[in-house]
Each structure stands twice: as C-alpha cells, then as structure tokens.
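Chemist: Have a look at this prediction, sequence included:
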Amino acid sequence: MCYIDRSIEQATATCAMCKVFPPRNDFSCPHKDNMGVCKNRVNHPRHDVVHFRNAELTAFNGCGYCKWAKRNPKILNGDSAWRNPGWPGCCRPPKSSEHEYINPADWYAISKIHGVSLSA
C-alpha cells in the first residue's frame with residue numbers, strides 16, 4: 001500500500017494492513033512506524049512514495065509505483081512516467097482489466113482495503 005509522502009491520506013488514513021489483520025491484544029499498529037520512503041524520480045517524478053516494509057502480504061510491501069514501472073518498462077518512454085498510476089491493488093483499486101495482475105490469495109485484502117468486489 002502506497003501513499004504520496006506528506007499527503008493528507010498518509011497522515012489521516014487508517015493503516016490498510018490493520019484493516020485486514022487487526023493487531024492482537026490491543027497492541028498499536030506495527031506498520032506505520034516502519035514505513036519506507038522511495039525517492040525514485042525516474043519511476044515517479046512527481047513525488048516520493050511512502051510504502052509498507054513489513055506488511056503481512058508481500059503484494060503490499062515495497063513501492064507500487066516502482067512495481068508498475070518494472071512491469072511496464074516500454075510504457076515509461078519520455079514523459080509517460082508522469083502518468084505512472086502505481087500497482088493495481090497496492091497504490092489504487094484495480095480496474096477490471098487489471099485483475100490478472102492480482103494474486104488470488106491477495107483478493108480478500110484488496111477487496112477489504114479498496115472496497116472492490118472479489119475477482120470472479
């Protein structure tokens with residue numbers, strides 16, 4: 001799960017992983033204090049990205065904008081990096097045309113975090 005660094009969403013959002021895997025015994029969120037910051041201006045030139053480093057599901061670990069750029073290297077020619085939408089399910093809700101990118105084991109978490117229907 002990615003947030004734009006220093007955004008309102010980053011400051012106010014409930015931890016996405018804690019929505020799916022609530023901390024046990026009333027412990028505080030184990031994720032928010034261990035977030036990474038990706039400053040890769042080639043893959044996301046507009047902003048730095050705050051991302052999970054210790055999520056329970058690997059699909060949510062790491063920078064989703066870099067994941068998208070790695071999967072779509074030919075699309076990043078010229079100014080197109082400015083339009084990098086981020087990895088579906090991680091940075092944003094997946095479009096129906098992107099369901100193939102989602103690991104079936106991750107659908108429950110993605111549906112709960114983004115409020116989208118499970119893949120058929």
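Modeler: It's in.
Chemist: which residue ranges form the helices in the chain?
Modeler: Per DSSP state H, the chain has helices spanning 8-12, 16-20, 64-71, 107-114. These are given in chain order.
Chemist: packing partners for the third one?
Modeler: Other elements packing on helix 64-71 under the criterion 3 or more CB pairs under 8 Å, 6 or more residues apart in numbering; DSSP states H and E are strand 49-51. Heads up, the C-betas are built off the backbone N, CA and C, glycines and all.
Chemist: residues in contact with the strand it packs on?
Modeler: For strand 49-51, the surrounding residues in contact (CB atoms under 8 Å, 6 or more residues apart in numbering) are 1-5, 10, 35-38, 61-66.
Chemist: Considering those, which member attains the minimum pLDDT?
Modeler: In terms of pLDDT, the lowest of these is Gln10, showing 78.
Chemist: That residue against Ile4, yeah?
Modeler: Yes - with contacts defined as CB atoms under 8 Å, Gln10 counts as touching Ile4 at a distance of 6.7 Å.
Chemist: still on that earlier bit, and the helices of the chain, which is most packed in?
Modeler: Ranked by mean neighbour count, the helices of the chain are led by helix 64-71 with a mean of 20 (mean count of other CB atoms under 10 Å).
Chemist: Closest one to Lys19 out of the contacts of strand 49-51, please.
Modeler: Checking the contacts of strand 49-51 against Lys19 with CB to CB, the nearest one is Met1 at 9.8 Å.
Chemist: Now do the contacts for the nearest residue to that closest one once chain neighbours are set aside.
Modeler: In space, Met1 comes closest to Ala16 once its chain neighbours are excluded; the distance is 4.2 Å by CB to CB, 6 or more residues apart in numbering. The contact partners of Ala16, by CB under 8 Å, 6+ apart, come to Met1, Phe52, Phe60, Ile113.
Chemist: Same list, the helices of the chain, but as a markdown table with distance to Trp87 please.
Modeler: Compiled in a markdown table, those are given as follows (distance: least, CB to CB, whole Å):
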| stretch | distance to Trp87 |
| --- | --- |
| helix 8-12 | 16 |
| helix 16-20 | 13 |
| helix 64-71 | 4 |
| helix 107-114 | 11 |
